[in-house]
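>>> whatever this is, show me its structure:
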Amino acid sequence: MRQQLQFGRYNFPLAGEGYRPRVMGILNVTPDSFSDGGHYQSLEFAVSHAEQMIGQGVDIIDVGGESSRPGAPALPLERELQRVMPVLYALRDCGKAISVDTYKPQVMREAIIAGVDMINDINGFRAPGAIEAVRDSDCALCIMHMQSTPDTMQQQPAYGDVVAEVTAFLRERVAALTAAGIDPRRLCIDPGFGFGKTVAHNYALLKATGQLIAELGLPLLAGLSRKSMIGAVTGKPVEQRLAGSLAGALAAVAQGALIVRVHDVAETVDALKVWQAAQ
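Model (predicted):
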């Protein structure tokens, strides 16, 4: 594996001096996110929450304007732009890396103009024009696996071999991006926990985190925070899944995940500090 992930204005070491797992804090500016819907809709509240995460030690702030919870309908382009662009401009000089969670090429283009450091695409840059939108920038690109679409993905997810199929999908998407001239040092992968997977599928992928990293030779982002895979094991509702989410994050970084995408920044930062001190 290469030695660093090119992340827009930043470079994250993957080994050696300066290496540590990075915490990506979730900033949903949506009215219906499964976990924090409606809490940070206004610009003032969104910026306030971002400042709180910065104080807690976040490395990356991931701004999303469209809910990708199971069953969520698609959001019109203009509405997404109205939600995310003011926040991206407000945060671009906050001193932390900024990511935008979108699969729409026009949002990608506008976000790059605003200075984001990562495009985080649940659709794996499959939309027509997506690769062209990001090709000539220097931002990192997170390629996620999703079976079907958010409105149908959890109806009947099925795989012959979930690890093999997710690996094959990610390999194909990496090949498509690099064939378009994108530097592989900008790429990371996300197996897409909860995106068209059963609980068993999710845990099979979590157990295979190290295998995915080794086979694809790319850093990995793990997003397990508060998801149903945590609730299925703990029996806890969304608001009581902190301990389970921390365990999932540690399970991922123990196998080599570079980035964990979380709601609970302060607690995750502390957990990772202790984990790293013990290495």
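
>>> now the element after the longest helix seen in the chain, going C-ward?
In the chain, assigned by DSSP state H, the helix with the most residues is helix 162-179. As assigned by DSSP states H and E, the chain's next helix or strand after helix 162-179 is strand 187-190.

>>> just to revisit the earlier point, which residues touch the longest helix of the chain?
Helix 162-179 is contacted from outside by 124-126, 131, 141, 143, 145, 159, 184, 187, 189, 191-192, 197, 201, 204-205, 208, 211-212, 215-216, 218, using C-beta atoms under 8 Å, 6 or more residues apart in numbering. In short, each C-beta sits where N, CA and C put it, glycine included.

>>> in helices only, show me those residues.
Among the contacts of helix 162-179, the members falling in helices (DSSP H) are Ile131, His201, Ala204, Leu205, Gln211, Leu212, Glu215, Leu216.

>>> what is the nearest of the residues you listed to Ala180?
Taking C-beta to C-beta as the measure, Ile131 is the one of the ones in helices among the contacts of helix 162-179 closest to Ala180, at 4.9 Å.

>>> leaving out the residues flanking it, which one is nearest to that closest one?
Ala180 (4.9 Å; C-beta to C-beta, 6 or more residues apart in numbering).

>>> make sure the one you found is actually in contact with Gly129.
No - using C-beta atoms under 8 Å, Ala180 is not in contact with Gly129, being 11.7 Å away.

>>> and Ile61, its phi and psi?
With angles defined as degrees, to the nearest 10, Ile61 sits at phi -110, psi 120.

>>> pLDDT weak spots in the chain?
Low-confidence segments of the chain (pLDDT under 70): 1, 32-41, 148-153.

>>> quick one: the helices in it?
Along the chain, counting by DSSP H, helices occupy 43-55, 77-91, 105-114, 130-134, 162-179, 199-207, 209-216, 228-234, 242-254, 265-277.

>>> taking helix 77-91 as reference, get the angle to the first one.
This means helix 43-55. Angle of helix 43-55 versus helix 77-91, following axes from the mean of the first three to the mean of the last three C-alpha atoms, to 10 degrees, is 50 degrees.

>>> give the other helices and strands that helix 43-55 contacts.
Under the contact definition 3 or more C-beta pairs under 8 Å, 6 or more residues apart in numbering; DSSP states H and E, helix 43-55 sits against strand 22-28, strand 60-64, helix 77-91.

>>> what about Ala257, distance to Ser99?
Distance, Ala257 to Ser99, using C-beta to C-beta, to the nearest Å: 16 Å.

>>> rewinding a little: the residue nearest to Ile131: neighbour count?
Using other C-beta atoms under 10 Å, the number of residues around Ala180 comes to 12.
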